[in-house]
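sequence first, then the predicted structure:
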Amino acid sequence: MSYIKPKFAHPRLPKNEVGYTKKYYEGVISTLCAGCGHDSISAAIVEACFELNVEPHRVAKLSGIGCSSKTPAYYLSNSHGFNSVHGRMPSVATGANLANRSLIYLGVSGDGDTASIGMGQFVHAVRRNVNMTYIVMNNGCYGLTKGQDSATADYGSVSKSGHVNTYEGIDLCALAIQLGATYVAQSFSGDKQQLIPLIKGALSHSGFSLINVVSPCVTFNNNPGSTKSYDYVREHNEAVSKVDFVPVKEEITVSYDHSVVTPIEMHDGTQINFHKLSPVWDPENKISVLSALMFAKEKHEMLTGLLYFDKNSKELHELLHTTDTPLHQLSEKELIPGLEVLEKFNESMR
Amino acid sequence: MNPTNYHDPEYYHKVVDCQYACPAHTPVPQYIRLIAAGKYTEAYMINWESNVFPGVLGRTCDRPCEPACRRGRVEEEPVAICRLKRVAADFKGEISHLLPEIPEIKNGKKIALIGGGPASLTVARDLAPLGYEIHLYDNHNKGGGMMRSQIPAFRLPAEVLDQEVNTILDMGIHTHFNTYVTSLASVLDKGYDAVFIGTGAPRGKNLELPGRYDAAKNIHIGIEWLANVAFEHIHSIGKRVIVLGGGNTAMDCCRTSRRLGGEDVKVVVRSPFNEMKASPWEIEDAMHEDIPITDNHVPKSFVVENGQLKGMYFEKVKPEYVDGKRKLVSTGEPDVFFPADDVIIAIGQENKFEWIERSLGVEFDQWEMPVLQKDTFASTLPGVFFGGDAALGPKNVITAVAQGHQAAISIDLYCKGEDITKRPPADTKLFSTKMGIHEWSYDNDIANDHRFIVPQEAKELTLKDRKKEVELGFDLKTAFKEAQRCLNCDVQTVFTENKCIECDACMDICPTNCITFTTDEEEEDVLRMKLLVPAINKTQDILVSDVLKTGKVMVKDEDMCLHCGLCAERCPTAAWDMKQFLYNTAKAGHFCYV
């Protein structure tokens, strides 16, 4: 048979608060290689949106070009979508967000789409603190063109053909923290328990959220010597934090040990409980986070979990002082208020 | 908990719900695939091997397979398995060259079969190809037993029955028709090596009520009356008929009455409507023929005036349930009178073993049923075996066939002087259906169609002719569509732990969320609740893997699995494979011990 997914669902599939089953958040069947990490991330997005009770029509999913950028077809079939030019997703997302701030923006991209061709776009979306979630499905290779090393391939990593990478890999998390991202996390496609709460946190965060997800390419980068294979990541994964997502309505009755658990309130009233598993860094201190990342790199470890969080985040609309009404909803009447208003304005400038 | 032992064929056997529920364990999905492929003869032969009477059962089976059908769980209506079987029978080609060869030189053993019904015929079918000399005794002039005497021709045309009975009788069976066996001792005296008793449950239950014998000619016993109609001793009935009873025999009686001149035919049953014993489709067919069913009415007395039956009195009752047990309690309303010219009593049937001399050594229990060894169907007298309704009381044709197969194995072992309790294992095979990257040797694109309805002949025609078959059977186009509704449960999801890299692809793709990777639990019940959708249907197993690399286990709930194969398609390491599982119960002579 070809790619056909039966329409049947489990008859006892639970519904969320907005009345949808998880099935409603799914997409068409994936055409990626069997076992691709990206499919797990798609599944995590489905689960996160379902659990967050997001109404699918309130989500805009955006992507660029690449294996990763095909994935919006595989989740949230009932949401808005835009598949942009290679590497230009951050710019399209910025524009869309400015025009309509009422949607939840979810961008997915790959390591090529972000760290190579799209780098110039990516960094500016970060520094503008565009209110969006930006998930990088990072497999360290160009899977769509037969597995050449990408810009995030680690120094010394061995490709499937036996080639040893001689270039320094770009650390997207460190870069984003330096550029002013306000929610930075790192995870692994094979660890949904960690990934799903991170996505929920990112979707609830006001400002630019980056989740760099190492997502093994089963076809071209799952070989011994690769630093982005299933086995390597499982062995070198050092979870620095564990995040529990607490919905706004849920009363918190458990008393936490605050030296380990930090409750973080999100702008929409929800809360994430941040379990600090490693004592070496302070997640609200950039210098501390950056040095932890450097140390980990020395030790060939990959830090995962929520790495950095800025609770004073001011997203782009706040920085620009735009009106609360989404710009695309403003009519001619509001946009051209007439001669009288103009004159009053001019007067105020004198 | 302990990983599932899927090397035990019974695990996968249970996953094939229809086959598991079938007393004869007919490989249902296998023949349904053949029907979809247009191979009707092959589909028929698979049935014939297993259940001996595909044409009969395709029309009249009690279909225990259908309530078990997975389709009924994931959707609403099961696959119309029974009527697909009929398609195989209706459209089959020549089968004579596919039948087993009957040895010219016999093996020197003589077997007597008492009763010519489905159980005895099954024994004959299984033993004749092995060289046994078989003698079949029946009191009627033709074989078939209750299939002929109790199932009306409008449900089962005589040609269909004759063909399947004759296929067996043509195996060189010595028939002794019109012979009513009155003594087991006289049979044993003839020096048979073994005797099989498949005499059914030939006595219809009577109802001793006031007036019962005052108009005896108009008060009939259901199965006797049906037999008299079938053998053309009775050709008519009064205009107003009351049928007592709520089972399938009652349905056959009322529908037959409609064809013999009954205009105002009603069924009156003691129990509430939804607790009637008849199959729902039989009730439906009766009501379609304008036969009202009055429930919660207990018969009180027959009213006879001047030797002429006038009707019956009934007491109105309502059910009360105490500790799950039903009691019918009077509503206190005055008794109801229903006028009638004829009454048919169809309230059950019983066995009749007066012809078996108690001195012979065949023991009977307190209910006058033979004491039998479980599984072998051997009586307490060596060499005498039972099967069908005669063995464990009235059931159905398919159960009789299943018991016939088992008795045949026992007889064969007995005649060879082997231990009959050493039962041969089922013949099982498990092989991959993978043909290419997205190709399997079965069609895993599941149709969303709802169950198709079997067309019926116009009521105006069928009510005029007792022998006119009501159901027309599926045409080939509809049969194909209905066959495509089958989920191929015999194509098993087979998991190999050491190949799994725990990428979650199978868990993510599964359309019905059957697969979960989670940490293990001591208690199965706890583990069941941890699945993506808790596995609360405990009649269905969960497949639990050994511990995987990360310390988790793979748990699959068999309950809602569509057998679509997407887990295997999305598995990068072929840790999942879709393997076809064949399970054929052992037949006499055709097995080897492992």
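Looks like it came in fine.

which positions in chain B make contact with chain A?
B:73-75, B:438-440, B:443-446, B:448, B:501-505, B:507-509, B:511-514, B:533-534, B:536, B:549-550, B:560, B:562, B:564, B:566, B:569-573 (CB under 8 Å from any CB of the partner chain). Quick note: C-beta positions are derived from backbone N, CA and C, even for glycine.

give me the ChimeraX select line for these, limited to the buried ones.
Entered in ChimeraX, the line below selects the buried ones among these, by 16 or more other CB atoms under 10 Å in any protein chain shown:
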select /B:73,74,75,440,444,446,501,502,503,504,505,507,508,509,511,512,513,514,533,560,562,564,566,569,570,571,572,573
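
quick one: which of the residues of chain B next to chain A sit in helices?
The helices, defined by DSSP state H, take in B:Arg73, B:Val74, B:Ala505, B:Met507, B:Asp508, B:Ile509, B:Leu566, B:Glu569 from those.

and A:Ser2, what pLDDT?
Looking at A:Ser2, its pLDDT reads 48.

output the helix or strand containing A:Glu343 as PDB, nothing but the C-alphas.
Under the criterion of DSSP states H and E, A:Glu343 resides in helix A:339-349. Taking C-alpha atoms only, helix A:339-349 is exported to PDB below (Å, rounded to 0.1, in the frame of the first residue of the first chain):
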ATOM      1  CA  LEU A 339      -7.700  65.500   9.100                       C
ATOM      2  CA  GLU A 340      -8.700  66.600  12.500                       C
ATOM      3  CA  VAL A 341      -6.600  63.900  14.300                       C
ATOM      4  CA  LEU A 342      -3.700  64.600  12.000                       C
ATOM      5  CA  GLU A 343      -3.700  68.300  12.800                       C
ATOM      6  CA  LYS A 344      -4.000  67.500  16.500                       C
ATOM      7  CA  PHE A 345      -1.000  65.200  16.200                       C
ATOM      8  CA  ASN A 346       1.000  67.700  14.200                       C
ATOM      9  CA  GLU A 347       0.200  70.300  16.800                       C
ATOM     10  CA  SER A 348       1.500  68.100  19.600                       C
ATOM     11  CA  MET A 349       4.800  67.800  17.700                       C
END
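
returning to what we had before: now, the most widely separated pair of the ones in helices among the residues of chain B next to chain A?
Greatest spacing in these, by CB to CB: B:Arg73 and B:Ala505 (24.9 Å).

looking at the ones in helices among the residues of chain B next to chain A, which one is closest to A:Ser40?
Scanning these for proximity to A:Ser40, where the rule is CB to CB, the winner is B:Asp508, at 6.1 Å.

so for that closest one, what's the nearest residue that isn't a sequence neighbour?
A:Ala43 (3.7 Å; CB to CB, 6 or more residues apart in numbering or on different chains).

what sits against the one you found?
Going by CB atoms under 8 Å, 6 or more residues apart in numbering or on different chains, A:Ala43 touches A:Tyr75, A:Lys192, B:Asp504, B:Met507, B:Asp508.

need those residues in a markdown table (columns: pLDDT and distance to B:Val195).
Shown next, in a markdown table, are the contacts of A:Ala43 (pLDDT from 0 to 100; distance: CB to CB, whole Å):
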| residue | pLDDT | distance to B:Val195 |
| --- | --- | --- |
| A:Tyr75 | 97 | 69 |
| A:Lys192 | 89 | 66 |
| B:Asp504 | 89 | 62 |
| B:Met507 | 93 | 58 |
| B:Asp508 | 91 | 61 |
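
and B:Ser236, how many neighbours?
Using other CB atoms under 10 Å in any protein chain shown, B:Ser236 has 10 other residues around it.

what's the answer for the one 5 residues further on, then?
Other residues within reach of B:Val241 by the criterion other CB under 10 Å amount to 27.

which helix or strand contains it?
In this structure, B:Val241 sits in strand B:240-244 according to DSSP H and E.

please apply the same query to B:Ala286.
Following DSSP H and E, one finds B:Ala286 within helix B:280-288.
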